[in-house]
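Colleague: Sequence and predicted structure are below.
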Amino acid sequence: MAENVIKLQLNQQQLELMDRTIARGVAADRAALVRLAIREYAAARKAETSAKPNDLEPKR
Amino acid sequence: MSERQILFEHVLEPGTGKAIELLKGQILRIEQVEGGQCADFNCFNLHDYKEFMHCGRTRTVHGFHPTKGTFMWSAPPRERAMLYILEDTVGRNDVLFPRCSAYVYEASYGFSVHTNCHDIQAEAQREYGLTPDDVHDSFNLFMCTGVDQDGHAYMTRQTTKPGDHVDLLALMDVLAVPNVCGADVMRTSNFALKPLKLTVFAATEADLARVPNTPVLASQRTPKDFRNPTIKSDRPLRRDPAYRSEFPNTPIRITELAVTLSPEEFAAFKAVKRTDIYGEDDAAALRDLLFSWWEERFLQAHAGAPVIESE
């Protein structure tokens, strides 16, 4: 299966938050941070769905 | 000091309010005399009336029914904790409803004159040179409210008894303005107007030790930080020909970030992306996912509220 490229449109404030998060050692660079977000967010939704079907909203 | 010292006592008669200088470290107790009475409450920074208690900020931080262990916050850009709710024997207050006004009683009930919280507040704070335009939304003590399924706020009766009280500890010098709610033809105070007792105490060391720490941030700005710190002293609005806008962080610049996803990552993204909102716009859906994830992982308090030490 081919790789997929998604071109995010981000403003300077959003990039600042990403860069401060990266500076905390969470990910190596911006793209890695996005990939980490996908993995963790998807895993959290999967866990929620297993625990409570029909509830895809994050707990806030 | 191990016992609270009484500094001031006053009974608010029905239809009245009282502006009280409540200094940092003093406690205002608002107490039921007969029970069943709503008290509207406002406060201002005693040394700068432009800083005042803001229900919108307060309900964002503490919800619709703030009670013991929460703060009353000032409006942006100050956003400081002005008062701490040290005690609340009932635990049912309201920051949804505005103060009632003469308009309400005329429009809905046909009264040409009727006791109402806006006018009572205005009359009480007139003692300190403030105008009716300076009254702002009140923190409604002992008022039972909720939100119905259609999103409308409603009020219902209360079950407070004589002696029930709320203790408010001043974290700065304030002008505190409590009043007996003027609503006798609504459920707010069980269809009657009754007195409320006010007592001001000097807080003890034990009282002061109960206050959690709140963050002190650069964004809590005061007039020394304002581009225009001068209070306008006339009523008409006129354009300043010298004005040049200085909006923060403008212009907003968009940067493209291309992210290559493995087949597994793309499948994971497809499984959770919000097509209900973004349709086939994967870039927008991924941006949503990114910052939704960030909120889940890093936000420490509800809805952008500050992190309060004991919470």
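Modeller: Now that the structure is in, tell me what you want to look at. This structure is a prediction, so every number in the text was calculated from the model and none was measured.
Colleague: Could I get the full set of helices for chain A?
Modeller: A:12-23, A:30-51 (DSSP state H).
Colleague: Could you do chain B as well?
Modeller: B:55-62, B:102-109, B:117-125, B:205-209, B:263-272, B:275-278, B:282-298.
Colleague: Need the winner for burial among the ones you listed.
Modeller: Across these, the average number of neighbours (mean count of other CB atoms under 10 Å in any protein chain shown) peaks for helix B:117-125, which reaches a mean of 23. Where C-beta positions appear, they are placed from N, C-alpha and C, glycine not excepted.
Colleague: Kindly provide the whole-number mean pLDDT of it.
Modeller: Helix B:117-125 shows a mean pLDDT of 98.
Colleague: Same question for stretch B:27-40.
Modeller: 98.
Colleague: what does the stretch 101-250 of chain B put close to chain A?
Modeller: B:Asn249 (CB under 8 Å from any CB of the partner chain).
Colleague: okay, the residue of chain B most remote from its centre: pLDDT?
Modeller: Most distant from the centre of chain B: B:Pro263, at 48.9 Å, with distances by CA atoms, centre = their mean. Looking at B:Pro263, its pLDDT is 96.
Colleague: quick one, which of the helices of chain A is packed in tightest?
Modeller: Scoring the helices of chain A by mean count of other CB under 10 Å, the most buried comes out as helix A:30-51, with a mean of 17.
Colleague: Quick one: distance of that helix to the chain centre.
Modeller: Offset of helix A:30-51 from its chain centre (CA atoms, centre = their mean, to the nearest Å): 6 Å.
Colleague: Say whether chain B is contacted by that helix.
Modeller: Yes - for helix A:30-51, a contact with chain B is found by CB under 8 Å from any CB, at A:30-31, A:33-35, A:37-42, A:44-46.
Colleague: Could you measure from B:Gly151 over to chain A?
Modeller: 18 Å (CB to the nearest CB, to the nearest Å).
Colleague: For that residue, give me its contacts.
Modeller: By CB atoms under 8 Å, 6 or more residues apart in numbering or on different chains, the contact set of B:Gly151 is empty.
Colleague: now do B:Glu21
Modeller: B:Leu46, B:Asp173, B:Val174, B:Leu175, B:Ala176 are the contacts of B:Glu21 under CB under 8 Å, 6+ apart.
Colleague: Give me the pLDDT for the last one.
Modeller: Reading off the confidence values, B:Ala176 has pLDDT 98.
Colleague: show me where the stretch 1-150 of chain B has strands.
Modeller: Taking DSSP state E, counting those that start in this stretch to define them, one finds strands in the stretch 1-150 of chain B at B:5-12, B:20-22, B:26-32, B:39-45, B:48-52, B:71-73, B:81-88, B:139-141, B:144-147.
Colleague: want to throw the ones you listed into a markdown table with distance to B:Pro248?
Modeller: Formatted as a markdown table, those follow (distance: least, CB to CB, whole Å):
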| stretch | distance to B:Pro248 |
| --- | --- |
| strand B:5-12 | 43 |
| strand B:20-22 | 34 |
| strand B:26-32 | 37 |
| strand B:39-45 | 24 |
| strand B:48-52 | 21 |
| strand B:71-73 | 21 |
| strand B:81-88 | 24 |
| strand B:139-141 | 30 |
| strand B:144-147 | 33 |
